[in-house]
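Visitor: got a predicted structure here, sequence first:
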Amino acid sequence: MRDKLIGKRKLLVTLIALVTFFLISYSISRSQESPHSAMEANPKDEGNCLVCHSEVPKEGEKSPNYLLNSEPSQVCLVCHSETEHVGSNIHLNYVNPEESNLPGDENNQIACFTCHDPHPHGIIKGRVVYAAHLGGYERDFIKEVVLPKKEVKEVSLTEKTKVLLRLPLEDNKLCRACHIKLD
Amino acid sequence: MRKIITCITILALFILYGCPSKEQGAEWGWKYQKPLRPQETFSHKVHENVLKKEGLTCVTCHPIGLEIEEKEEKKRAEISEAALFPGKETCHFCHYNPKAGNIAPEKCGICHFNLLEIQPANHNFDWAIKHAVFAKTDDQDCESCHTPRFCEDCHKRRDVPTRLVHDRNYVVVHTVDARANPRTCGNCHDITFCNQCHREGGYER
């Protein structure tokens, strides 16, 4: 009888330990997970919204600061670097042209979210996001011709496709939203 | 008095034209103008149709989507800027491509104001005389920079008023040189060149 009780206790302790372990590991993995992909995996989890927003925005609700936890110009930089990808830092200091119809930061300057939509497809009703696919020829051209400049010759540059763009790169639609006039 | 005026004039000219300016770049000294960078001379408008036809988008020359693997922030910023703007290699791919051949007009002068700066080292003193040997050995080497038309402009055209290799009436008097020293013709012409006119002992042209 006593042995059985000890066995049950051991089982209970093991179970509690296992549950605690899984909870901790889940919370750690969740904290390391990108909120963008977390939104995609679990669209109804409002906790993901609060990573960037001070409150969960209602559908169609608009605010000058987009209800963000920090200044719009800074909110992406909490996790990302200004030099996240080639050319990002160069774009960040420019004024967002009115004709672009893309969102700007609090100073109407270009922010990360001018080109990128932080919300994956399906999170905001009616909003479409695009990937950045390079064609085979384009990829070869960049690798063989554009990058072998002396400044970037020895640096590894990798392509990332799932980048949540507001407009497609095809037909230069995203670039031409701001670069309207050709010089 | 005249000497003083001359000295002042020379000095003024030297100051005006002889000193390096910031635009020219001090490292280039006073002699040559620094070639323009592609972003200063490239016209997107001029290239719009051809790039569209070739299926090249903005991000082909400005590869903005690439991730930088360098860790240090300062270096990342430098790489970001360097990779965003294409270098001369990108222009040369279409406009000066000795290996694959040019697919766009060769207009070196758009960036290289002074073509002397891109001339090979052997194009110096007496090159007009010496070039024949090199041209005969490897005419494709010449064509890596010059079009065949460049040679023809000197050697074959007779519709320009300037004196090229021979005087314009040389066809009449060349017989004297040819008989005196036929080798001189051979410096530039091969044996079949004479035969093109002088066939079977006759004068068909």
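Guide: Thanks, I have it. Residues are numbered from 1 along each chain as shown, chains lettered A, B, ... in the order given.
Visitor: what about the residue in chain A that chain B sits nearest to, which SS state?
Guide: Minimum separation of chain A from chain B (C-beta to the nearest C-beta) falls at residue A:151, amounting to 3.5 Å. C-beta coordinates here come from the backbone N, C-alpha and C atoms, glycine included. Of the three states, residue A:151 takes coil according to DSSP: H, G, I helix; E, B strand; the rest coil.
Visitor: wait, what's in contact with it?
Guide: B:78, B:79, B:82, B:83 (C-beta atoms under 8 Å, 6 or more residues apart in numbering or on different chains).
Visitor: may I have the phi/psi pair for the last one?
Guide: The reference is to residue B:83. When read as degrees, to the nearest 10, the backbone of residue B:83 gives phi -80, psi -30.
Visitor: one more: the third one?
Guide: Comment: the main-chain dihedrals of residue B:82 come out as phi -60, psi -40, following degrees, to the nearest 10.
Visitor: which one of the contacts of residue A:151 is nearest to residue B:39?
Guide: residue B:82 (11.8 Å; C-beta to C-beta).
Visitor: contacting residues around residue 55?
Guide: Unless you meant another one, I'm taking chain A. Counting by C-beta under 8 Å, 6+ apart, residue A:55 touches residue A:67.
Visitor: look at chain B instead
Guide: Contacts for residue B:55 (C-beta under 8 Å, 6+ apart) come out as A:135, A:137, A:138.
Visitor: show the buried residues in the contacts of residue A:151.
Guide: Among the contacts of residue A:151, those classed as buried by 16 or more other C-beta atoms under 10 Å in any protein chain shown are B:78, B:79, B:82, B:83.
Visitor: not counting its neighbours along the chain, what's nearest the third one?
Guide: Here the nearest residue to residue B:82 in space, its sequence neighbours aside, is residue A:151; by C-beta to C-beta, 6 or more residues apart in numbering or on different chains that works out to 3.5 Å.
Visitor: per-residue pLDDT, the one you found?
Guide: Note on residue A:151: pLDDT of 78.
Visitor: quick check: it vs residue B:86, distance?
Guide: Separation of residue A:151 from residue B:86 (C-beta to C-beta, to the nearest Å): 12 Å.
Visitor: next one: residue B:61
Guide: Applying C-beta to C-beta to residue B:61 and residue B:86 gives a distance of 5 Å.
Visitor: and for the two, which residues touch both?
Guide: Common neighbours of residue B:61 and residue B:86 (C-beta under 8 Å, 6+ apart) are residue A:146.
Visitor: average pLDDT for stretch A:118-133?
Guide: 90.
Visitor: what of stretch A:72-89?
Guide: Mean per-residue pLDDT for stretch A:72-89: 93.
Visitor: what sits against the closest residue to chain A within chain B?
Guide: Using C-beta to the nearest C-beta, residue B:82 is the residue of chain B that sits closest to chain A, at 3.5 Å. Taking C-beta under 8 Å, 6+ apart, we find residue B:82 in contact with A:149, A:151, A:152.
Visitor: do you know the pLDDT at it?
Guide: Residue B:82 is given a pLDDT of 89.
Visitor: where does the chain have low pLDDT?
Guide: Since no chain was named, I'll use chain A. A:1-2, A:5, A:20-32, A:154 (pLDDT under 70).
Visitor: my bad, the chain I had in mind was chain B
Guide: B:1, B:14-33, B:125-126, B:157-158, B:160-165, B:168, B:187-188, B:190, B:200-205.
Visitor: if you set the cut-off to 50 instead, what comes out?
Guide: Counting by pLDDT under 50, the ranges of chain B that qualify are B:20-31, B:205.
Visitor: after the longest helix belonging to chain B, which helix or strand is next?
Guide: If you go by DSSP state H, chain B has its longest helix at helix B:2-17. Next along the chain after helix B:2-17, taking DSSP states H and E as the criterion, comes helix B:38-41.
Visitor: what about that following helix and chain A, touching?
Guide: No - counting by C-beta under 8 Å from any C-beta of the partner chain, chain A is not contacted by helix B:38-41; separation bottoms out at 9.6 Å.
Visitor: quick one: contacts of that helix?
Guide: With C-beta under 8 Å, 6+ apart as the criterion, helix B:38-41 contacts B:85, B:86, B:87, B:88, B:90, B:91, B:110, B:111.
Visitor: try 10 Å this time
Guide: Here helix B:38-41 makes contact (C-beta atoms under 10 Å, 6 or more residues apart in numbering or on different chains) with A:183, B:35, B:61-62, B:84-92, B:110-111.
Visitor: okay, and the beta partners of the closest residue to residue A:157 other than its chain neighbours?
Guide: Spatially, and ignoring its direct neighbours in sequence, residue A:157 is nearest to residue B:66 (4.1 Å; C-beta to C-beta, 6+ apart). In this structure, residue B:66 bridges to residue A:159 when assessed by DSSP bridges.
Visitor: contacting residues for residue B:66?
Guide: Applying C-beta under 10 Å, 6+ apart to residue B:66 gives the contacts A:85-87, A:132, A:134, A:142, A:146-147, A:152, A:155-160, B:59, B:79-80, B:83-84.
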